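# any chance you could fold what I've pasted below:
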Amino acid sequence: MLIVDNISVNYGKMPAIRNLSFSVQEGEFITILGSNGAGKTTTLKAILGLLPSRTGKILFNDVDVTNMSPSERIRMGLSLVPEGRQVFPGLSIEENLELAYFVSHPGKRNRRHYKEMMERMFTLFPKLKERLVQNAGSLSGGEQQMLAIARGLLAEPKLLMLDEPSLGLAPVIIDQVFEILNELNKEGLTVIIVEQDAHRALEASQRGYILETGTVTHGGRSKDLLESQIVQNAYLGQT
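Numbering: from 1, shown residues only. I've put the predicted structure just below:
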């Protein structure tokens, strides 16, 4: 589904990722691990087109999207739930969701489809329906994360990317987030997750990649990475 082929991305004049290559198969759940500054967020932004690639190319479902705009990539089926959630705090839950739907479906004003999609989100995240008119800025961190994921799903992605979805959340909310992601993956949604909780992410995913200084240094089955001494020492707090 996704081929990242030898891409390099700068932040200003500083290289953030260098000659980065990896692939994702349709229906996979992929974890990307790495220390702070390793290039994980940059990688997700480059895939969506929020940061330009200086070298290489990105293929999505056999289409070269390297020079496409983020909006074009979203319409093709890519979606990103950003770190920090980045909901619109002054808008209600309903307004946040409505905005996400119509921005990702330009020219589509099918209210029936919109209502069906909203009901799907309320099935996944029932608390959102309970607080539909509440401003997003007054929600708890966990509720904002649910809203951010729902907003990403309203684009009807084929590949959903999430950047640190458990950051700052209570353990019970983290459990709910991963339960939902596993359910969506079982339904066929392809998932890439950047996650600080390496153990939880590797348990949920089928394969993983480790980034160091902007390039992939290790990759393989999540089960094997969990048992790897390198991963245990660096990311699981074991020696």
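# can you pull out the strands in this protein?
Using DSSP state E, the strands assigned to the chain run over residues 2-11, 14-24, 29-34, 55-60, 63-64, 78-81, 159-163, 190-194, 207-212, 215-221.
# neighbours around residue 125, how many?
Residue neighbour count, defined by other C-beta atoms under 10 Å, stands at 21 for residue 125. Every residue, glycine included, has its C-beta placed from N, CA and C.
# that one and residue 144 touch, don't they?
No: the pair formed by residue 125 and residue 144 falls short of the contact definition of C-beta atoms under 8 Å, at 11.2 Å.
# follow-up on the earlier one: the strands of the chain: which one's closest to residue 201?
Counting by C-beta to C-beta, residue 201 lies closest to strand 29-34 out of the strands of the chain; the figure is 4.2 Å.
# skipping adjacent residues, who's closest to residue 69 in space?
Of all residues not flanking residue 69 in the chain, residue 49 sits nearest, at 6.0 Å (C-beta to C-beta, 6 or more residues apart in numbering).
# show the pLDDT at that neighbour.
What the model reports as pLDDT for residue 49 is 96.
# wait, doesn't it sit right on residue 73?
Yes: between residue 49 and residue 73 there is a contact at 5.1 Å, judged by C-beta under 8 Å.
# between those two, which contacts overlap?
With C-beta atoms under 8 Å, 6 or more residues apart in numbering applied, the overlap between the contact sets of residue 49 and residue 73 consists of residue 65.
# measure the nearest residue to residue 11 once chain neighbours are set aside to residue 10 for me?
In space, not counting the residues next to it along the chain, residue 11 is nearest to residue 42; the distance is 7.2 Å by C-beta to C-beta, 6+ apart. With the distance defined as C-beta to C-beta, to the nearest Å, residue 42 ends up 9 Å from residue 10.
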